[in-house]
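> Prediction below, plus the sequence it came from.
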Protein chains: 4
Amino acid sequence: MLTSRREVEIEWGDCDAAGIVFYPRYFAMFDASTARLFEKATGLKKPAWRERYGVIGFPMVDTQARFILPASYGDVIVIETRATKLGRSSFDIEHRVLRDEALAIEARETRVWAAPDPERPGAIRGVPLPDELRAALSRED
Amino acid sequence: MLTSRREVEIEWGDCDAAGIVFYPRYFAMFDASTARLFEKATGLKKPAWRERYGVIGFPMVDTQARFILPASYGDVIVIETRATKLGRSSFDIEHRVLRDEALAIEARETRVWAAPDPERPGAIRGVPLPDELRAALSRED
Amino acid sequence: MLTSRREVEIEWGDCDAAGIVFYPRYFAMFDASTARLFEKATGLKKPAWRERYGVIGFPMVDTQARFILPASYGDVIVIETRATKLGRSSFDIEHRVLRDEALAIEARETRVWAAPDPERPGAIRGVPLPDELRAALSRED
Amino acid sequence: MLTSRREVEIEWGDCDAAGIVFYPRYFAMFDASTARLFEKATGLKKPAWRERYGVIGFPMVDTQARFILPASYGDVIVIETRATKLGRSSFDIEHRVLRDEALAIEARETRVWAAPDPERPGAIRGVPLPDELRAALSRED
């Protein structure tokens, strides 16, 4: 599957009073990593692909993370992100965080490809993931 | 002037690796405190007063803070917020943070009462602060 | 089991550009809720119970959340937090978020009761959860 | 003066419900930018220079920012950071944020070079900025 890899330098403000990354910060990093994966797949930034596909985005349905090694201020971690399952409108993403080449966090998330619901103003509903996006997320890296 | 007072308990995630509040967190607290002051003045939550007055809100123009005493996890600080100057469309807010009854931070901000600009789609412009809001922010507490 | 209930008002800065809570913010709220549960169980703030029990805290091992209903600026959500399993040194916590009395999020987390490892300077290890804390977390509310 | 320049891509989670960067996020970016400036000046990450100079860091004393142009999701801003005044133990830093080559934010901060106070356990005090650091921050870029 297509994989997005990026380095993230841990900032002072990412860390808590124990001197390690405050774990909610990782979820913010993962959210940005999923966005980068879709940028790589579509060649477009989120505002552009939202318009192209007529969707509001991909709201989070379920996420889980297992923390194996902590990271501290000044560490540079690598986040590897790829789709692991592409359903009709929902899909699963996996994030692997490496610190000094060791697996530091394993995380996954389920999101849904969502558009405004024409029958319920203000509400959204899942819509089919476009075939070209499905193909782009599935291609060899 | 009308004053909004609230207690904020410092959470673990508000603190940095030195064990004190990471100062950008205070600005988030101040933003919420200004919102509470306008709630108190209007008797309405922001979404309701935005609709009532036809504005998008009060974007920040300039802010400054002086940090006198640090606060740590578990401290309960008091934030006192009031308007100090009401211009035609811009206004000044002051925040005083007390910790154990001592002044811990003095902050001020200038915001502008803003609405969509009918002549430039997507842009905003300052509009006059309504008289009733001006009166409400100025009344004795 | 002992349950900690608290109301959290959603602030402007908790929300993303879609106008709903940016989900990493919920994990910060959950972290604070677990802290409140332990405060209720021990009658002590974290710095005090860390000293009393000679631990550094309860690092996160694994967490998961299922998002059912979104919340927006000005919503007041209720977070109910309780232990669901107390192992020798690890334990499970459950958070239920209610919005307008409907279940909005179900989350769980596994943490470990941890102290400095005397054999590896700078490292930590799981230590047995004290019986009095086990009893306090298990008591009827 | 030595200048640290870095690009920051605005993430979804940096933005508020108005779709623009929630301004407290800029202060977190500025904190990281000041850290980068000191890294460039010393050739060391913060943990290393803290040890080298026997200080705890450079706590914030006073900061101010003027917001001229907003930035939104997907924008790449440039932050330019340099010292503007080097006192005995306090110093001033300036941050200029550019968006599409236009000045978007002007910010400044006063920090103090601080070490543990030997006469008051747990407290800190300003100590003289080392000459080599003073020279490194002042050198032409």
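Nice, I can see it.
> Helices of chain A, residue ranges please.
Using DSSP state H, the helices of chain A run over A:24-42, A:46-53, A:131-138.
> Can you give me the neighbour number for the closest residue to A:Tyr23 other than its chain neighbours?
Among residues not flanking A:Tyr23 along the chain, C:Met60 sits closest, at 5.0 Å (C-beta to C-beta, 6 or more residues apart in numbering or on different chains). Every residue, glycine included, has its C-beta placed from N, CA and C. By other C-beta atoms under 10 Å in any protein chain shown, 23 other residues sit near C:Met60.
> and C:Met60, what does it touch?
C:Met60 is in contact with A:Tyr23, A:Phe67, C:Asp31, C:Glu109, C:Thr110, C:Arg111, counting by C-beta atoms under 8 Å, 6 or more residues apart in numbering or on different chains.
> my read: A:Pro59 touches A:Arg111, true?
Yes. A:Pro59 is within contact range of A:Arg111, at 6.4 Å (criterion: C-beta atoms under 8 Å).
> Give me the more crowded residue out of the two.
A count of neighbours by other C-beta under 10 Å puts A:Arg111 above the other of A:Pro59 and A:Arg111, at 22 against 16.
> Could you check how far the more buried one is from A:Leu37?
11 Å (C-beta to C-beta, to the nearest Å).
> Quick check: neighbours shared by these two?
Common contacts of A:Arg111 and A:Leu37, defined by C-beta under 8 Å, 6+ apart, comprise A:Ile93.
> Spatially nearest residue to the residue nearest the centre of chain A (excluding sequence neighbours)?
Nearest to the mean C-alpha position of chain A, by C-alpha atoms, centre = their mean, lies A:Thr34 at 2.3 Å. Leaving out its chain neighbours, the residue that sits closest to A:Thr34 by C-beta to C-beta, 6+ apart is A:Ile93, at 5.4 Å.
> which ones are touching the one you found?
A:Ile93 touches A:Thr34, A:Leu37, A:Thr81, A:Arg82, A:Ala83, A:Thr84, A:Arg108, A:Glu109, A:Thr110, A:Arg111, counting by C-beta under 8 Å, 6+ apart.
> ok, the fourth one touching A:Ser33?
To tie it back to what came earlier, the one meant is A:Arg82. No. Counting by C-beta under 8 Å, A:Arg82 sits too far from A:Ser33 to count as a contact (9.9 Å).
> For the residue lying farthest from the centre of chain A, give me its contacts.
The C-alpha centroid of chain A is most remote from A:Glu119, which lies 29.2 Å away (C-alpha atoms, centre = their mean). By C-beta under 8 Å, 6+ apart, no residues touch A:Glu119.
> Please apply the same query to A:Arg125.
Here A:Arg125 is in contact with A:Ala114, A:Ala115, A:Asp117 (C-beta under 8 Å, 6+ apart).
> So which residues on chain A come close to chain B?
A:Trp12, A:Gly13, A:Cys15, A:Asp16, A:Ala17, A:Ala18, A:Gly19, A:Phe22, A:Pro24, A:Ser72, A:Tyr73 (C-beta under 8 Å from any C-beta of the partner chain).
> and of these, the nearest to chain D?
For these, the residue nearest chain D by C-beta to the nearest C-beta is A:Gly13; the value is 4.7 Å.
> Might you report the residue contacts of that closest one?
Taking C-beta under 8 Å, 6+ apart as the test, what A:Gly13 contacts is B:Asp16, B:Phe22, B:Pro24, D:Ala28, D:Asp31, D:Ala32.
> how does it look with 10 Å?
Residues near A:Gly13 by C-beta atoms under 10 Å, 6 or more residues apart in numbering or on different chains: A:22, A:25, A:73, B:16-17, B:22-25, D:25, D:27-29, D:31-32, D:35.
> Quick check: the gap between it and B:Leu37.
27 Å.
> Pull the contacting residues for A:Leu2.
A:37-38, A:40-41, A:81-83, A:135-141 are the contacts of A:Leu2 under C-beta under 10 Å, 6+ apart.
> rerun that using 7 Å as the cut-off
Listed by C-beta atoms under 7 Å, 6 or more residues apart in numbering or on different chains, the contact partners of A:Leu2 are A:Leu37, A:Lys40, A:Ala41, A:Arg82, A:Ala136, A:Leu137, A:Arg139, A:Asp141.
> one step back: which of the contacts of A:Gly13 lies closest to B:Arg5?
B:Arg25 (19.1 Å; C-beta to C-beta).
> I'd like to know how many residues surround the closest one.
Neighbour tally, B:Arg25, other C-beta under 10 Å: 22.
> Bridged to the residue nearest to A:Tyr23, which residues?
Beta-bridge pairing for C:Met60 (DSSP bridges): C:Arg111.
> can you check A:Glu7 too?
When bridges are called by DSSP bridges, A:Glu7 pairs up with A:Val78.
> For A:Ile79, see how far away it is.
8 Å.
> for A:Thr42, what are its contacts?
Neighbour list for A:Thr42: A:Trp49, A:Leu133, A:Ala136 [criterion: C-beta under 7 Å, 6+ apart].
> mind redoing it with 8 Å?
A:Ala48, A:Trp49, A:Arg52, A:Leu133, A:Ala136.
> Looking at those, which is nearest chain D?
For those, the nearest to chain D is A:Ala48 (8.3 Å; C-beta to the nearest C-beta).
> Tell me the confidence at the nearest residue to that closest one once chain neighbours are set aside?
Of all residues not flanking A:Ala48 in the chain, A:Thr42 sits nearest, at 7.8 Å (C-beta to C-beta, 6+ apart). As predicted, A:Thr42 sits at a pLDDT of 95.
> swap in A:Lys46?
The model's pLDDT for A:Lys46 equals 86.
> was I right about it contacting D:Tyr73?
Yes. Counting by C-beta under 8 Å, D:Tyr73 is a contact partner of A:Lys46 at 6.5 Å.
> tell me, what's touching the two both at once?
Shared contacts of A:Lys46 and D:Tyr73 (C-beta under 8 Å, 6+ apart): D:Trp12.
> Please list the residues of chain A that sit near chain D.
So chain A meets chain D at A:11-13, A:28, A:31-32, A:35, A:45-47, A:72-74 (C-beta under 8 Å from any C-beta).
> Try it again at 7 Å.
Taking C-beta under 7 Å from any C-beta of the partner chain, the part of chain A that reaches chain D is made up of A:Glu11, A:Trp12, A:Gly13, A:Ala28, A:Asp31, A:Ala32, A:Ala35, A:Lys45, A:Lys46, A:Pro47, A:Tyr73, A:Gly74.
> how much space between the third one and D:Tyr26?
If you measure A:Gly13 against D:Tyr26 using C-beta to C-beta, the figure is 12 Å.
> And the first one, by the same measure?
For A:Glu11, the distance to D:Tyr26 under the criterion C-beta to C-beta works out to 13 Å.
> Which one's more surrounded, the two?
Taking other C-beta under 10 Å, A:Glu11 and D:Tyr26 do not tie; D:Tyr26 has more neighbours (26 against 21).
> got a list of what that one touches?
Shown in contact with D:Tyr26 (C-beta under 7 Å, 6+ apart): D:Ala65, D:Ile105.
> What separation is there between it and chain A?
12 Å (C-beta to the nearest C-beta, to the nearest Å).
> Check what pLDDT that residue gets.
98.
> So the nearest residue to A:Arg36 once chain neighbours are set aside versus chain D, what's the distance?
With sequence-adjacent residues excluded and distances taken as C-beta to C-beta, 6+ apart, A:Arg36 is closest to A:Ser4, at 4.7 Å. Between A:Ser4 and chain D the distance is 13 Å, computed by C-beta to the nearest C-beta.
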